[in-house]
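Peer 1: Sequence first, predicted model second:
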Amino acid sequence: MRLLPVLLVSILLVEYAGAQSSIVASRQRGGPPAPARGGAGSSGGVYANLGQLMKGILYPNSNVIFAAQTQNPAQVKPASDPATATDPLASTYGKWEAVENSALALSEAAGLLMVPGRRCANGRPVPLQNPDWPKFVQGLREAGMTVYKAAQSKDQDKIIDAADVMTTACADCHDKYREKANLADRCQ
């Protein structure tokens with residue numbers, strides 16, 4: 001019976017050592033970056049800079065909403081294989097559901113804009129300490145929920161109005177922090 005605890009500890013140590021060597025090997029191969037300190041979630045890390053977060057989450061989800069202004073999501077034909085569709089409107093979870101999901105993704109992603117340790121694409125820290133930053137983030141969160149409610153109605157006129165709210169929320173922040181002549185000047 002005393003052998004069992006020793007065996008379990010030995011197995012755990014071997015597993016831990018294997019995981020550590022995998023992490024080291026990943027870094028040597030140029031694998032995923034090490035998480036920044038101060039991040040949220042169980043992993044405790046921040047992996048994407050602000051530009052990557054925008055391009056990976058906010059930009060594609062905004063485009064789904066903008067597409068719904070001119071094309072009725074209910075009339076979008078499913079892709080030949082909806083499970084692998086790159087167009088969310090034509091995917092398994094397409095049509096109006098895709099617009100709803102995109103709106104919710106924008107609202108949820110707003111929280112990621114407030115995670116300490118995130119940097120802008122130019123290496124500057126995200127301006128969390130600036131009094132306008134949380135207001136801009138809250139504006140995005142609220143705009144996402146406005147779009148969500150409009151998408152639930154399945155009314156394109158409401159989507160047009162809601163997309164205008166979203167555009168304003170994005171422009172408020174972009175005008176201050178993004179629209180700079182030089183990348184080095186962003187986020188200040």
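Peer 2: Looks like it arrived, so ask away. Residues are numbered from 1 along each chain as shown.

Peer 1: okay, now the closest residue to Asn72 other than its chain neighbours: neighbour count?
Peer 2: Of all residues not flanking Asn72 in the chain, Gln156 sits nearest, at 5.9 Å (Cβ to Cβ, 6 or more residues apart in numbering). (Glycine included, C-beta is placed from N, CA and C.) If you count neighbours by other Cβ atoms under 10 Å, Gln156 ends up with 17.

Peer 1: residues in contact with Gln156?
Peer 2: Shown in contact with Gln156 (Cβ atoms under 8 Å, 6 or more residues apart in numbering): Ala68, Gln69, Asn72.

Peer 1: 10 Å - rerun?
Peer 2: Ala68, Gln69, Thr70, Gln71, Asn72, Pro73, Ala74, Ala150, Ala163 (Cβ atoms under 10 Å, 6 or more residues apart in numbering).

Peer 1: Would you mind putting the residues you listed into JSON lines with neighbour count and pLDDT alongside?
Peer 2: Shown next, in JSON lines, are the contacts of Gln156 (neighbours: other Cβ atoms under 10 Å; pLDDT from 0 to 100):
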{"residue": "Ala68", "neighbour count": "28", "pLDDT": "97"}
{"residue": "Gln69", "neighbour count": "15", "pLDDT": "96"}
{"residue": "Thr70", "neighbour count": "9", "pLDDT": "95"}
{"residue": "Gln71", "neighbour count": "12", "pLDDT": "95"}
{"residue": "Asn72", "neighbour count": "15", "pLDDT": "96"}
{"residue": "Pro73", "neighbour count": "23", "pLDDT": "97"}
{"residue": "Ala74", "neighbour count": "12", "pLDDT": "97"}
{"residue": "Ala150", "neighbour count": "25", "pLDDT": "98"}
{"residue": "Ala163", "neighbour count": "23", "pLDDT": "97"}
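
Peer 1: Sort out for me which of those residues are in strands.
Peer 2: Judged by DSSP state E, strands contain none of the contacts of Gln156.
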